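*Asks:* this is the structure alone, sequence omitted:
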């Protein structure tokens with residue numbers, strides 16, 4: 001009988017292990033815990049999906065060959081859910097073609113069984129760092145989008161013209177309003193976006209790929 005360990009505290013970097021082989025689960029979880037990682041262990045993809053919270057950072061150590069739902073299918077399911085969780089696949093000698101598929105679909109890494117301790121720890125550390133970077137960028141993008149949502153329709157129009165490099169006089173002509181009104185909207189935009197210059201405003205919208213209407 002498979003024992004599902006309780007999920008670690010929310011938002012702590014966690015290494016999720018999904019493998020139908022109990023011996024592998026025990027060995028991998030023991031190694032990772034001894035290295036100081038929080039670990040959650042599952043014997044199947046279904047058990048993992050039933051408890052997984054996308055808000056929890058970390059990485060997934062996933063067996064590529066399992067009954068019912070295999071590693072590739074779980075990878076596809078997580079992709080459909082827009083999960084950013086990096087996946088480290090554990091593969092057997094006959095899994096070469098599956099490993100290639102996994103990498104093409106965005107797997108972070110794959111390691112051959114039996115896994116060398118050093119290789120696994122190195123991969124897990126790198127995957128967790130990748131996840132942390134991706135989550136920081138996502139949080140920054142979300143913050144910018146929240147600021148954009150504060151803008152009125154007219155302020156958004158002015159923003160688009162400002163970041164395109166147009167002068168107040170040109171913006172006024174394009175929008176059919178006075179320069180004084182443009183200046184007012186422009187000031188509101190700068191305040192709501194939390195920037196001090198047009199250059200900074202342009203960097204925010206360009207760097208994070210924010211789509212302007």
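*Replies:* Yes, it's here. Remember, it's a predicted structure, so these values are computed and weren't measured experimentally.
*Asks:* tell me the confidence at the closest residue to residue 151 other than its chain neighbours?
*Replies:* Using CB to CB, 6 or more residues apart in numbering and skipping residues adjacent in sequence, the residue nearest residue 151 is residue 192, 6.0 Å away. All C-beta spots, glycine's among them, are computed from the backbone N, C-alpha and C. Looking at residue 192, its pLDDT reads 93.
*Asks:* residues touching residue 192, list them.
*Replies:* If a contact means CB atoms under 8 Å, 6 or more residues apart in numbering, then residue 192 has 147, 150-151, 155 as its contacts.
*Asks:* turn those into JSON lines, including pLDDT, secondary structure and distance to residue 128.
*Replies:* Listed next are the contacts of residue 192 as JSON lines, based on pLDDT from 0 to 100; DSSP: H, G, I helix; E, B strand; the rest coil; distance: CB to CB, whole Å:
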{"residue": "147", "pLDDT": "90", "secondary structure": "helix", "distance to residue 128": "29"}
{"residue": "150", "pLDDT": "93", "secondary structure": "coil", "distance to residue 128": "34"}
{"residue": "151", "pLDDT": "93", "secondary structure": "coil", "distance to residue 128": "36"}
{"residue": "155", "pLDDT": "94", "secondary structure": "helix", "distance to residue 128": "40"}
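*Asks:* may I see the ChimeraX selection of the buried members of the residues you listed?
*Replies:* This is how ChimeraX selects the buried members of the contacts of residue 192, with burial counted by 16 or more other CB atoms under 10 Å:
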select :147,151,155
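*Asks:* between the contacts of residue 192, which sits nearest residue 201?
*Replies:* The closest of the contacts of residue 192 to residue 201 turns out to be residue 147 (CB to CB; 10.4 Å).
*Asks:* what's the distance between the closest one and residue 189?
*Replies:* Relative to residue 189, residue 147 is positioned 10 Å away (CB to CB, to the nearest Å).
*Asks:* contacts only, for the residue nearest the centre of the chain.
*Replies:* By CA atoms, centre = their mean, the chain has its centre lying nearest to residue 84, at 3.4 Å. Applying CB under 8 Å, 6+ apart, one finds that residue 84 lies in contact with 131, 134-135, 138.
*Asks:* so how do I select the buried members of the residues you listed in PyMOL?
*Replies:* Here is the PyMOL command that picks out the buried ones among the contacts of residue 84, judged by 16+ other CB under 10 Å:
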select buried, resi 131
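*Asks:* show me where the protein has strands.
*Replies:* In the chain, the segments counted as strands under DSSP state E are 14-18, 38-42, 58-63, 87-91, 109-112.
*Asks:* looking at the ones you listed, which is buried most?
*Replies:* Across those, the average number of neighbours (mean count of other CB atoms under 10 Å) peaks for strand 58-63, which reaches a mean of 26.
*Asks:* and the angle for that one with strand 38-42?
*Replies:* Angle, strand 58-63 to strand 38-42, by axes from the mean of the first three to the mean of the last three CA atoms, to 10 degrees: 40 degrees.
*Asks:* what packs against strand 58-63?
*Replies:* strand 14-18, helix 71-80, strand 87-91, helix 117-149 (3 or more CB pairs under 8 Å, 6 or more residues apart in numbering; DSSP states H and E).
*Asks:* many thanks, we can stop here.
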